[in-house]
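1. Predicted model, plus sequence, below.
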2 protein chains.
Amino acid sequence: MPEFLDLHSRTTKVLRALADEAMRANGLHYGQHHLLAALWEQDGRTPGEVAAKLHVTTPTVVKMADRMTASGLLVRRRDERDNRLVRLWLTDAGRALREPVEAGRRDLEEKVTAELTDDERAALLATLAKVHATAERLVG
Amino acid sequence: MPEFLDLHSRTTKVLRALADEAMRANGLHYGQHHLLAALWEQDGRTPGEVAAKLHVTTPTVVKMADRMTASGLLVRRRDERDNRLVRLWLTDAGRALREPVEAGRRDLEEKVTAELTDDERAALLATLAKVHATAERLVG
DNA sequence: GGCAGATCATTAGACGGCAAACGACCCGAG
DNA sequence: CTCGGGTCGTTTGCCGTCTAATGATCTGCC
(Lines give C-alpha, C1' and ligand atoms only; values in the text may rest on other atoms or scores of the structure.)
Protein backbone atom coordinates (compact mmCIF):
# COMPACT_ATOMS: atom_id res chain seq x y z
CA MET A 1 0.00 0.00 0.00
CA PRO A 2 1.59 3.23 -1.21
CA GLU A 3 2.68 5.38 1.67
CA PHE A 4 1.41 8.78 0.70
CA LEU A 5 -1.94 7.70 -0.71
CA ASP A 6 -2.57 5.60 2.35
CA LEU A 7 -1.61 8.29 4.83
CA HIS A 8 -3.59 10.87 2.95
CA SER A 9 -6.75 8.81 2.89
CA ARG A 10 -6.48 7.98 6.57
CA THR A 11 -6.03 11.66 7.34
CA THR A 12 -9.05 12.47 5.22
CA LYS A 13 -11.19 10.10 7.22
CA VAL A 14 -10.20 11.62 10.54
CA LEU A 15 -10.52 15.21 9.36
CA ARG A 16 -13.90 14.44 7.90
CA ALA A 17 -15.07 13.02 11.22
CA LEU A 18 -13.88 16.12 13.05
CA ALA A 19 -15.45 18.50 10.55
CA ASP A 20 -18.69 16.55 10.70
CA GLU A 21 -18.68 16.81 14.46
CA ALA A 22 -17.96 20.54 14.39
CA MET A 23 -20.76 21.20 11.91
CA ARG A 24 -23.26 19.10 13.80
CA ALA A 25 -22.72 21.49 16.70
CA ASN A 26 -24.37 24.09 14.47
CA GLY A 27 -27.13 21.77 13.35
CA LEU A 28 -25.54 21.25 9.96
CA HIS A 29 -24.39 18.21 8.03
CA TYR A 30 -20.89 17.99 6.66
CA GLY A 31 -21.38 19.22 3.12
CA GLN A 32 -23.89 21.95 3.90
CA HIS A 33 -21.20 24.27 5.17
CA HIS A 34 -19.59 24.40 1.75
CA LEU A 35 -22.83 25.29 0.00
CA LEU A 36 -23.57 27.97 2.56
CA ALA A 37 -20.07 29.38 2.17
CA ALA A 38 -20.64 29.77 -1.56
CA LEU A 39 -23.80 31.76 -0.86
CA TRP A 40 -22.23 33.79 1.94
CA GLU A 41 -19.66 34.89 -0.57
CA GLN A 42 -22.29 35.69 -3.16
CA ASP A 43 -25.98 35.17 -2.55
CA GLY A 44 -28.34 34.15 -5.31
CA ARG A 45 -26.00 31.84 -7.19
CA THR A 46 -27.45 29.14 -9.43
CA PRO A 47 -26.93 25.42 -8.67
CA GLY A 48 -24.51 25.17 -11.56
CA GLU A 49 -22.47 28.11 -10.31
CA VAL A 50 -22.34 26.68 -6.81
CA ALA A 51 -21.30 23.30 -8.19
CA ALA A 52 -18.44 24.87 -10.13
CA LYS A 53 -17.34 26.83 -7.08
CA LEU A 54 -17.33 23.70 -4.90
CA HIS A 55 -15.85 21.41 -7.55
CA VAL A 56 -18.78 19.02 -7.36
CA THR A 57 -21.45 18.08 -9.87
CA THR A 58 -24.75 19.87 -10.27
CA PRO A 59 -26.93 16.99 -9.04
CA THR A 60 -24.98 17.01 -5.79
CA VAL A 61 -25.86 20.65 -5.25
CA VAL A 62 -29.48 20.08 -6.22
CA LYS A 63 -29.85 17.33 -3.64
CA MET A 64 -28.22 19.36 -0.92
CA ALA A 65 -30.35 22.36 -1.82
CA ASP A 66 -33.45 20.15 -1.49
CA ARG A 67 -32.59 19.25 2.08
CA MET A 68 -31.47 22.72 3.01
CA THR A 69 -34.64 24.22 1.58
CA ALA A 70 -36.63 21.75 3.63
CA SER A 71 -34.71 22.71 6.76
CA GLY A 72 -35.21 26.41 6.09
CA LEU A 73 -31.65 27.48 5.34
CA LEU A 74 -32.36 28.75 1.85
CA VAL A 75 -35.09 29.27 -0.75
CA ARG A 76 -35.26 28.54 -4.48
CA ARG A 77 -36.43 31.19 -6.89
CA ARG A 78 -36.43 31.14 -10.68
CA ASP A 79 -34.40 33.76 -12.47
CA GLU A 80 -36.74 36.39 -13.94
CA ARG A 81 -34.87 36.84 -17.20
CA ASP A 82 -33.84 33.29 -17.95
CA ASN A 83 -36.41 30.77 -16.90
CA ARG A 84 -34.02 27.86 -17.13
CA LEU A 85 -32.06 29.21 -14.20
CA VAL A 86 -32.81 28.73 -10.55
CA ARG A 87 -31.24 30.95 -7.94
CA LEU A 88 -30.54 29.94 -4.36
CA TRP A 89 -31.12 32.62 -1.73
CA LEU A 90 -30.14 32.47 1.93
CA THR A 91 -32.82 32.82 4.56
CA ASP A 92 -32.17 34.64 7.82
CA ALA A 93 -31.44 31.27 9.38
CA GLY A 94 -28.85 30.57 6.69
CA ARG A 95 -27.20 33.95 7.13
CA ALA A 96 -27.18 33.63 10.91
CA LEU A 97 -24.97 30.55 10.80
CA ARG A 98 -22.08 32.33 9.14
CA GLU A 99 -20.24 33.53 12.22
CA PRO A 100 -20.44 30.39 14.34
CA VAL A 101 -19.69 28.09 11.44
CA GLU A 102 -16.68 30.05 10.27
CA ALA A 103 -15.42 30.23 13.81
CA GLY A 104 -15.72 26.48 14.20
CA ARG A 105 -13.89 26.01 10.96
CA ARG A 106 -11.00 28.24 11.98
CA ASP A 107 -10.88 26.51 15.31
CA LEU A 108 -10.55 23.11 13.69
CA GLU A 109 -7.79 24.32 11.38
CA GLU A 110 -5.95 25.67 14.39
CA LYS A 111 -6.30 22.47 16.36
CA VAL A 112 -5.14 20.01 13.73
CA THR A 113 -2.08 22.08 12.83
CA ALA A 114 -1.30 23.03 16.40
CA GLU A 115 1.69 20.74 16.71
CA LEU A 116 3.45 22.05 13.62
CA THR A 117 6.10 24.76 13.62
CA ASP A 118 5.52 27.68 11.29
CA ASP A 119 8.09 26.27 8.91
CA GLU A 120 6.49 22.86 8.91
CA ARG A 121 3.10 24.36 8.28
CA ALA A 122 4.37 26.44 5.36
CA ALA A 123 6.22 23.47 3.89
CA LEU A 124 3.15 21.27 4.25
CA LEU A 125 0.98 23.75 2.41
CA ALA A 126 3.51 24.24 -0.36
CA THR A 127 4.19 20.56 -0.89
CA LEU A 128 0.58 19.49 -0.70
CA ALA A 129 -0.26 22.21 -3.20
CA LYS A 130 2.34 20.76 -5.50
CA VAL A 131 0.79 17.31 -5.25
CA HIS A 132 -2.63 18.81 -5.81
CA ALA A 133 -1.48 20.61 -8.94
CA THR A 134 0.18 17.47 -10.28
CA ALA A 135 -2.92 15.39 -9.62
CA GLU A 136 -5.18 17.97 -11.19
CA ARG A 137 -3.11 17.88 -14.35
CA LEU A 138 -3.46 14.11 -14.42
CA VAL A 139 -7.21 14.14 -14.13
CA GLY A 140 -7.83 17.03 -16.46
CA MET B 1 -11.90 29.29 4.56
CA PRO B 2 -8.96 27.77 6.46
CA GLU B 3 -6.02 27.14 4.23
CA PHE B 4 -4.95 23.66 5.17
CA LEU B 5 -8.41 22.14 5.52
CA ASP B 6 -9.43 23.61 2.20
CA LEU B 7 -6.33 22.47 0.35
CA HIS B 8 -6.53 19.04 1.89
CA SER B 9 -10.14 18.52 0.90
CA ARG B 10 -9.51 19.70 -2.65
CA THR B 11 -6.59 17.31 -2.88
CA THR B 12 -8.76 14.52 -1.56
CA LYS B 13 -11.31 15.09 -4.28
CA VAL B 14 -8.74 14.93 -7.06
CA LEU B 15 -6.91 11.92 -5.64
CA ARG B 16 -10.21 10.16 -5.21
CA ALA B 17 -11.09 10.79 -8.85
CA LEU B 18 -7.74 9.41 -9.98
CA ALA B 19 -7.97 6.36 -7.75
CA ASP B 20 -11.50 5.72 -8.94
CA GLU B 21 -10.35 5.90 -12.52
CA ALA B 22 -7.40 3.57 -11.89
CA MET B 23 -9.62 1.01 -10.16
CA ARG B 24 -12.26 1.15 -12.85
CA ALA B 25 -9.56 0.01 -15.25
CA ASN B 26 -9.62 -3.25 -13.28
CA GLY B 27 -13.40 -3.41 -13.17
CA LEU B 28 -13.50 -2.31 -9.53
CA HIS B 29 -15.18 0.54 -7.71
CA TYR B 30 -13.15 2.82 -5.50
CA GLY B 31 -13.64 1.23 -2.10
CA GLN B 32 -13.48 -2.37 -3.20
CA HIS B 33 -9.73 -2.27 -3.49
CA HIS B 34 -9.38 -1.65 0.22
CA LEU B 35 -11.56 -4.61 1.13
CA LEU B 36 -9.66 -6.84 -1.27
CA ALA B 37 -6.36 -5.65 0.18
CA ALA B 38 -7.50 -6.71 3.64
CA LEU B 39 -8.24 -10.19 2.33
CA TRP B 40 -5.07 -10.41 0.26
CA GLU B 41 -3.19 -9.81 3.45
CA GLN B 42 -5.22 -12.39 5.31
CA ASP B 43 -8.01 -14.35 3.70
CA GLY B 44 -11.10 -15.38 5.62
CA ARG B 45 -11.44 -12.34 7.84
CA THR B 46 -14.82 -11.47 9.32
CA PRO B 47 -16.68 -8.27 8.36
CA GLY B 48 -15.87 -6.80 11.76
CA GLU B 49 -12.17 -7.57 11.39
CA VAL B 50 -12.08 -6.05 7.93
CA ALA B 51 -13.91 -2.96 9.19
CA ALA B 52 -11.36 -2.49 11.97
CA LYS B 53 -8.50 -2.92 9.52
CA LEU B 54 -9.98 -0.34 7.13
CA HIS B 55 -11.11 2.07 9.83
CA VAL B 56 -14.71 1.96 8.66
CA THR B 57 -17.87 0.65 10.28
CA THR B 58 -19.15 -2.90 9.96
CA PRO B 59 -22.26 -2.00 7.92
CA THR B 60 -20.01 -0.42 5.32
CA VAL B 61 -18.10 -3.66 4.92
CA VAL B 62 -21.31 -5.68 4.83
CA LYS B 63 -22.71 -3.62 1.98
CA MET B 64 -19.51 -3.76 0.00
CA ALA B 65 -19.29 -7.50 0.59
CA ASP B 66 -22.85 -7.82 -0.76
CA ARG B 67 -21.89 -6.23 -4.05
CA MET B 68 -18.57 -8.00 -4.30
CA THR B 69 -20.21 -11.34 -3.61
CA ALA B 70 -22.70 -10.57 -6.37
CA SER B 71 -19.89 -9.71 -8.76
CA GLY B 72 -18.00 -12.88 -7.89
CA LEU B 73 -14.96 -11.46 -6.12
CA LEU B 74 -15.57 -13.24 -2.84
CA VAL B 75 -17.85 -15.65 -1.02
CA ARG B 76 -19.45 -15.60 2.43
CA ARG B 77 -19.18 -18.61 4.69
CA ARG B 78 -20.23 -18.94 8.30
CA ASP B 79 -17.57 -19.79 10.83
CA GLU B 80 -17.93 -23.44 11.87
CA ARG B 81 -17.19 -22.91 15.54
CA ASP B 82 -18.97 -19.63 16.17
CA ASN B 83 -22.14 -19.28 14.19
CA ARG B 84 -22.40 -15.57 14.77
CA LEU B 85 -19.33 -15.01 12.66
CA VAL B 86 -19.19 -14.78 8.90
CA ARG B 87 -15.94 -15.15 7.06
CA LEU B 88 -15.15 -13.57 3.71
CA TRP B 89 -13.12 -15.67 1.31
CA LEU B 90 -11.56 -14.58 -1.95
CA THR B 91 -12.53 -16.31 -5.16
CA ASP B 92 -10.00 -16.92 -7.92
CA ALA B 93 -11.27 -13.75 -9.55
CA GLY B 94 -10.60 -11.81 -6.36
CA ARG B 95 -7.12 -13.21 -6.01
CA ALA B 96 -6.31 -12.59 -9.66
CA LEU B 97 -6.79 -8.86 -9.28
CA ARG B 98 -4.02 -8.49 -6.75
CA GLU B 99 -1.11 -7.90 -9.10
CA PRO B 100 -2.75 -5.43 -11.51
CA VAL B 101 -4.48 -3.51 -8.75
CA GLU B 102 -1.36 -3.13 -6.63
CA ALA B 103 0.60 -2.10 -9.69
CA GLY B 104 -1.96 0.56 -10.53
CA ARG B 105 -1.83 1.78 -6.98
CA ARG B 106 1.94 2.09 -6.97
CA ASP B 107 1.77 3.80 -10.32
CA LEU B 108 -0.64 6.41 -9.02
CA GLU B 109 1.50 7.07 -5.95
CA GLU B 110 4.48 7.55 -8.21
CA LYS B 111 2.68 9.92 -10.52
CA VAL B 112 1.19 12.26 -7.94
CA THR B 113 4.47 12.60 -6.05
CA ALA B 114 6.60 12.76 -9.19
CA GLU B 115 7.30 16.46 -8.91
CA LEU B 116 8.58 16.31 -5.35
CA THR B 117 12.22 16.00 -4.38
CA ASP B 118 13.13 13.19 -2.00
CA ASP B 119 13.39 15.68 0.82
CA GLU B 120 10.02 17.22 0.05
CA ARG B 121 8.42 13.82 -0.08
CA ALA B 122 9.90 12.79 3.25
CA ALA B 123 8.88 16.07 4.86
CA LEU B 124 5.37 15.77 3.48
CA LEU B 125 4.95 12.29 4.91
CA ALA B 126 6.34 13.30 8.29
CA THR B 127 4.28 16.45 8.61
CA LEU B 128 1.07 14.92 7.35
CA ALA B 129 1.59 12.07 9.80
CA LYS B 130 1.87 14.64 12.56
CA VAL B 131 -1.41 16.23 11.57
CA HIS B 132 -3.00 12.81 11.33
CA ALA B 133 -1.85 11.91 14.82
CA THR B 134 -3.07 15.19 16.23
CA ALA B 135 -6.45 14.82 14.58
CA GLU B 136 -6.78 11.25 15.73
CA ARG B 137 -6.20 12.32 19.29
CA LEU B 138 -8.94 14.92 18.91
CA VAL B 139 -11.51 12.49 17.63
CA GLY B 140 -10.67 9.65 19.97
C1' DG C 1 -28.87 -26.48 33.03
C1' DG C 2 -30.90 -22.25 31.91
C1' DC C 3 -31.21 -17.49 31.50
C1' DA C 4 -29.12 -12.54 31.03
C1' DG C 5 -25.86 -10.03 28.99
C1' DA C 6 -22.32 -9.54 25.52
C1' DT C 7 -20.96 -10.05 20.67
C1' DC C 8 -21.77 -10.39 15.73
C1' DA C 9 -23.84 -9.58 11.21
C1' DT C 10 -27.55 -7.57 8.97
C1' DT C 11 -31.17 -4.15 7.85
C1' DA C 12 -33.02 0.54 7.53
C1' DG C 13 -32.43 5.09 6.55
C1' DA C 14 -29.74 9.30 5.88
C1' DC C 15 -25.97 12.08 3.56
C1' DG C 16 -22.39 13.35 0.03
C1' DG C 17 -20.67 12.11 -4.27
C1' DC C 18 -20.93 10.61 -9.31
C1' DA C 19 -22.79 9.57 -14.23
C1' DA C 20 -26.51 9.21 -17.35
C1' DA C 21 -31.05 10.24 -18.97
C1' DC C 22 -34.76 13.60 -19.18
C1' DG C 23 -37.30 17.82 -19.79
C1' DA C 24 -37.79 22.76 -19.95
C1' DC C 25 -36.14 26.79 -21.90
C1' DC C 26 -33.23 30.11 -24.80
C1' DC C 27 -31.23 31.66 -29.05
C1' DG C 28 -29.53 32.06 -33.60
C1' DA C 29 -29.69 30.46 -38.48
C1' DG C 30 -32.58 30.12 -42.19
C1' DC D 1 -41.18 32.85 -37.59
C1' DT D 2 -39.74 28.50 -36.69
C1' DC D 3 -36.92 24.94 -35.56
C1' DG D 4 -32.76 22.69 -34.09
C1' DG D 5 -28.91 22.83 -31.15
C1' DG D 6 -27.15 24.32 -26.80
C1' DT D 7 -27.79 25.26 -21.79
C1' DC D 8 -29.98 24.54 -17.50
C1' DG D 9 -32.06 22.04 -13.45
C1' DT D 10 -33.96 17.85 -12.11
C1' DT D 11 -34.62 12.77 -11.67
C1' DT D 12 -32.82 8.28 -11.26
C1' DG D 13 -29.83 5.03 -9.74
C1' DC D 14 -25.46 3.59 -7.95
C1' DC D 15 -21.34 3.60 -4.45
C1' DG D 16 -19.18 4.57 0.13
C1' DT D 17 -19.95 6.10 4.60
C1' DC D 18 -22.28 6.78 9.00
C1' DT D 19 -25.73 5.86 13.08
C1' DA D 20 -29.44 3.34 15.07
C1' DA D 21 -32.27 -0.60 15.41
C1' DT D 22 -32.89 -5.69 14.79
C1' DG D 23 -31.94 -10.43 15.18
C1' DA D 24 -29.11 -14.43 15.85
C1' DT D 25 -25.80 -16.74 18.64
C1' DC D 26 -22.47 -17.52 22.31
C1' DT D 27 -20.96 -17.48 27.18
C1' DG D 28 -20.63 -17.01 31.94
C1' DC D 29 -22.95 -16.93 36.21
C1' DC D 30 -26.07 -18.70 39.31
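-> Yes, it's here.
2. Please list all residues in contact with A:Asp118.
-> Going by Cβ atoms under 8 Å, 6 or more residues apart in numbering or on different chains, A:Asp118 touches no other residue. C-betas here are computed from N, CA, C, even on glycine.
3. Which residue lies closest in space to A:Thr127, excluding its sequence neighbours?
-> Distances taken as Cβ to Cβ, 6 or more residues apart in numbering or on different chains place B:Leu124 nearest to A:Thr127, at 4.5 Å, with adjacent residues excluded.
4. cool, and A:Gly72?
-> A:Ala93 (5.3 Å).
5. got it, and A:His29?
-> Closest to A:His29 by Cβ to Cβ, 6+ apart is A:Met23, at 6.6 Å.
6. just to revisit the earlier point, mind listing what's buried in the helix or strand containing the residue nearest to A:Thr127?
-> Per DSSP states H and E, B:Leu124 falls inside helix B:118-139. Neighbour-count burial for helix B:118-139, counted by 16 or more other Cβ atoms under 10 Å in any protein chain shown, picks out B:120-121, B:123-125, B:127-128, B:130-132, B:134-136, B:138.
7. Which segments of chain A make up each domain?
-> For chain A, automatic domain parsing gives the domain ranges A:1-28+A:97-140, A:31-94.
8. chain center to the first one: distance?
-> So that's domain A:1-28+A:97-140. 11 Å (Cα atoms, centre = their mean, to the nearest Å).
9. Do it and DNA strand D come into contact?
-> Yes - contact of domain A:1-28+A:97-140 with DNA strand D (Cβ under 7 Å from any atom of the strand) involves A:Lys13.
10. just to revisit the earlier point, count of residues packed around the residue nearest to A:Gly72?
-> By the criterion of other Cβ atoms under 10 Å in any protein chain shown, A:Ala93 has 13 neighbours.
11. got a pLDDT number for it?
-> Predicted confidence (pLDDT) at A:Ala93: the value is 97.
12. Repeat that for the one 10 residues further on.
-> Per-residue confidence at A:Ala103 stands at 96 (pLDDT).
13. Tell me the buried residues in the helix or strand hosting it?
-> Element membership of A:Ala103, judged by DSSP H and E, is helix A:98-112. Buried residues in helix A:98-112, counted by 16+ other Cβ under 10 Å: A:101-102, A:104-105, A:108-109, A:112.
14. that older thread, export the buried residues of helix B:118-139 as a markdown table, with columns for pLDDT.
-> Shown next, in a markdown table, are the buried residues of helix B:118-139 (pLDDT from 0 to 100):
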| residue | pLDDT |
| --- | --- |
| B:Glu120 | 97 |
| B:Arg121 | 97 |
| B:Ala123 | 97 |
| B:Leu124 | 97 |
| B:Leu125 | 97 |
| B:Thr127 | 97 |
| B:Leu128 | 97 |
| B:Lys130 | 97 |
| B:Val131 | 97 |
| B:His132 | 97 |
| B:Thr134 | 96 |
| B:Ala135 | 96 |
| B:Glu136 | 94 |
| B:Leu138 | 93 |
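15. which residue sits closest to the residue nearest the centre of chain A, ignoring its sequence neighbours?
-> The centre of chain A sits closest to A:His34, judged by Cα atoms, centre = their mean, with a distance of 2.7 Å. Sequence neighbours aside, A:Leu54 is the residue nearest to A:His34 in space, at 5.2 Å (criterion: Cβ to Cβ, 6+ apart).
16. And the one you found, how far from A:Leu35?
-> 7 Å (Cβ to Cβ, to the nearest Å).
17. Please apply the same query to A:Val56.
-> Taken as Cβ to Cβ, the span from A:Val56 to A:Leu35 is 9 Å.
18. Tell me which of these two has more neighbours.
-> Legend: neighbour count by other Cβ under 10 Å for A:Val56 and A:Leu35, higher for A:Leu35 (27 against 16).
19. Where does the more buried one fall, secondary structure wise?
-> helix A:32-41.
20. got the angle between that helix and helix A:98-112?
-> Going by axes from the mean of the first three to the mean of the last three Cα atoms, to 10 degrees, helix A:32-41 is angled at 120 degrees with respect to helix A:98-112.
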